[in-house]
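1. coords please:
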Amino acid sequence: MRGSGESDKPAGDYTFDLYVDDLNAIVEELKERDIILIGESMGVSIAIKYVTKYPRKVCMLVLVGGTPKLIKTDDFPQGKPEEEARRDIALLEESYSKGVKQIIDMIFSDPGTEYFREWGFSVSQKPSKPFPPSAYC
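-> Numbers count the residues shown, from 1 in each chain. Reported below is the predicted structural model:
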């Protein structure tokens, strides 16, 4: 994916649409049809969005280890109210940097976790090769 490893960085923010378009450009360049699309971790969200946008190009969809649960439920009291979680997801789709900061701040909100919050954000925002987004609940 763009921005991972030694690949190019986009001119603007990372978005799921950017990743879907990049994936489709590869599929088109290779003239592939009836692909088996495997999404792992953040790739689950990209794969779901891809198959929604290009349903005739995918013959099989495999989803592995999708995104974390964000919405508070009886069995997951640590989550956020649904409306707040959906705002976070929308922010992540709009701007990777702002969205990932919001999520990292939520994960490392306890006193004494400042180092992890700063480290997690810096790793995800490397100036030349930022870490890609992940989320949907």
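2. now for the helix or strand bottoming out on mean pLDDT in the chain, which elements pack on it?
-> Within the chain, confidence by mean pLDDT, DSSP states H and E is lowest for helix 96-107 among all helices and strands, at a mean of 79. Where contact means 3 or more C-beta pairs under 8 Å, 6 or more residues apart in numbering; DSSP states H and E, helix 96-107 is packed against helix 82-94, helix 114-124. Where you see a C-beta, it was placed from the backbone N, CA and C, and this is true even at glycine.
3. Please identify the most buried of these.
-> Compared across those, helix 82-94 shows the largest average neighbour count, a mean of 16 (mean count of other C-beta atoms under 10 Å).
4. which other helices and strands contact it?
-> Using 3+ C-beta pairs under 8 Å, 6+ apart as the contact criterion, the elements in contact with helix 82-94 are helix 96-107.
5. Run the angle between the helix it packs on and helix 114-124 for me.
-> Orientation check (axes from the mean of the first three to the mean of the last three C-alpha atoms, to 10 degrees): helix 96-107 against helix 114-124 gives 160 degrees.
6. buried ones in helix 96-107?
-> Of the residues in helix 96-107, those with enough neighbours to count as buried (16 or more other C-beta atoms under 10 Å) are 96-97, 99-104, 106.
7. Sounds good, over and out.
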